[in-house]
Every structure is written in C-alpha cells, then in structure tokens.
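1. please find the sequence and the predicted model below.
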Amino acid sequence: MEKQHVLDQIKRLGAVAVIRASSEAQAMELTSQCVQGGLTIVELTFTTPNADGVIRRLDQEFGDAILLGAGTVLNAQTAQLAMAAGARFVVSPHFDPEIVAACNKAGVPAACGTMTITEMVAAMNAGCDLLKLFPAGPLGPGYLKAVLGPLPHAQIMPTGGISPDNAAQWIRAGAVAVGAGGSLFQGNVAQNAARLLEQVRIAREENL
C-alpha cells in the first residue's frame, strides 16, 4: 500500500486503536470489536507476546477490512520485523532516526513519539511522516495548540490518555488524528469506538 494512501487513511478516519493484548486471541477479539464500531485502523503493540506472529494472523484474518500497524517499536530491527509481518505503518514511543530510515526505505509511514519542539523538528527533518505526541494526557490539548503555533504544518497524533470523552478537545486543538488505548477497551468496545469516531467527526465539523 502506497505510503501517502496510508497516511491519508489515518487522517481521514482520525483515530487509531492502540491494542496492547496479552494473547493472540485477545488481539483478534479486540480488533473485531473495534471494526464493529467502525474503528478500522489498528496498531498492535510489540508488548503483545509473539507480536509479529499476531500481526501476520490479523493481516490474514482481516485483510483490507483494517489498516494494520505496529506500535511500541523500539528499534529498526523490530520495525523491519513488523513490516515483514504485514504492518502498514510503524509507531514508536520515541524518536529514533534509524527507525525512520528503515521505514522510509520500505515506503512505510513512521509515527515517532515526540514531546518537545526540538524532538518534533528533529523527527520531521529525519523524514518522520507523523508525530506521535506522547504521552499526551499529562500535557493537555493546550500544549498541542501552543506547539502548532511555530509548527503549523506538523502532522500530530496525540496518544496516551485519549478517550471518547476528550478526543474532541484534541481535534479542536489541531490533531490530525488521535491514538486511543486503555479507555477504549473498558466496557463495550464497539460502542466506545463508535463514540470516539463520532466525537472526532463533530470536532472536525466545528473546526470548519
């Protein structure tokens, strides 16, 4: 899948489900529930046991019904493992130029974890496609809005502490998408996913 098309899909839907599963079975079930709620972009973290094998299974089972990525990628070797397994995008909690280089070589989008403007500029200069503001929760939407003052063209996806209850605030502040994990999987996942997407939609309409 062409890199820009993947990025466009992420920005169009506006949300990514961050799945930290304890098993392949749980990853499959949580992905299925997200899809039921319309949340079809899934990031499986490498904290999941046998993560590359689980990515392969998800790719086989869901195919084009989801846009599948890998998260918590800590080095270039893991990025290569994830992409070989079928990950269409790679997310790291930090900025590592070697991860970005590996992804760029493969034509796969990289989302790098950044917090400061210095990190963000360095990541963009290295060719990072999407900036993952992490952990976003302690910083708040006001921080994102302030960062976009000097960096208006930065493509930022806040992750960490994002929920259906506060997603709209982040979109209003200028996020191109949000990454949601823990709170998404409390209670009815399909309903939470649908509500998350609805909040993204409403906030975008308000920003027009």
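-> Okay, I see it.
2. which other residues reach stretch 22-30?
-> Contact with stretch 22-30 is made by 17, 19, 21, 44, 48-50, 53-54, 57-58, 61, 185, 189, as judged by C-beta atoms under 8 Å, 6 or more residues apart in numbering. Yep, even glycine has a C-beta here, placed from its N, CA and C like the rest.
3. please pick the buried ones from those.
-> Among the contacts of stretch 22-30, those scoring as buried are 17, 19, 21, 44, 48, 54, 57-58, 185, 189 (criterion: 16 or more other C-beta atoms under 10 Å).
4. give me the residues contacting stretch 191-200.
-> 13-15, 17, 33-34, 36-39, 163-165, 167-168, 171, 177-178, 180, 183-186.
5. let's see 10 Å
-> For stretch 191-200, contacts defined as C-beta atoms under 10 Å, 6 or more residues apart in numbering pick out 13-15, 17, 30, 33-40, 162-171, 175, 177-178, 180, 183-186, 188.
6. give me the neighbour count for residue 201.
-> Counted with other C-beta atoms under 10 Å, residues neighbouring residue 201 total 15.
7. packing partners of the helix or strand hosting residue 143?
-> Using DSSP states H and E, residue 143 falls within helix 141-147. Where contact means 3 or more C-beta pairs under 10 Å, 6 or more residues apart in numbering; DSSP states H and E, helix 141-147 is packed against helix 117-125, strand 130-133, strand 156-158, helix 167-173.
8. just put these in JSON lines and tack on mean pLDDT, mean neighbour count and distance to residue 109.
-> Listed next are the helices and strands packed on helix 141-147 as JSON lines, based on pLDDT from 0 to 100; neighbours: other C-beta atoms under 10 Å; distance: least, C-beta to C-beta, whole Å:
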{"stretch": "helix 117-125", "mean pLDDT": "98", "mean neighbour count": "16", "distance to residue 109": "13"}
{"stretch": "strand 130-133", "mean pLDDT": "98", "mean neighbour count": "26", "distance to residue 109": "6"}
{"stretch": "strand 156-158", "mean pLDDT": "98", "mean neighbour count": "26", "distance to residue 109": "11"}
{"stretch": "helix 167-173", "mean pLDDT": "97", "mean neighbour count": "22", "distance to residue 109": "20"}
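9. closest one to residue 106 among the ones you listed?
-> strand 130-133 (15.5 Å; C-beta to C-beta).
10. who does that closest one pair up with?
-> Here strand 130-133 is paired, per DSSP bridges, with strand 110-114 (parallel), strand 156-158 (parallel).
11. let me have the ones you listed in TSV, extended by distance to residue 100.
-> Formatted as TSV, the strands paired with strand 130-133 follow (distance: least, C-beta to C-beta, whole Å):
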stretch	distance to residue 100
strand 110-114	5
strand 156-158	15
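12. now do the residue lying closest to residue 128 once chain neighbours are set aside: how many residues are near it, please.
-> Excluding the flanking residues, the one nearest residue 128 by C-beta to C-beta, 6 or more residues apart in numbering is residue 112, at 4.5 Å. The number of residues packed near residue 112 is 29, by other C-beta under 10 Å.
13. residue 201 is nearest to which of the strands paired with strand 130-133?
-> Across those, closest to residue 201 is strand 156-158 (C-beta to C-beta), at 16.6 Å.
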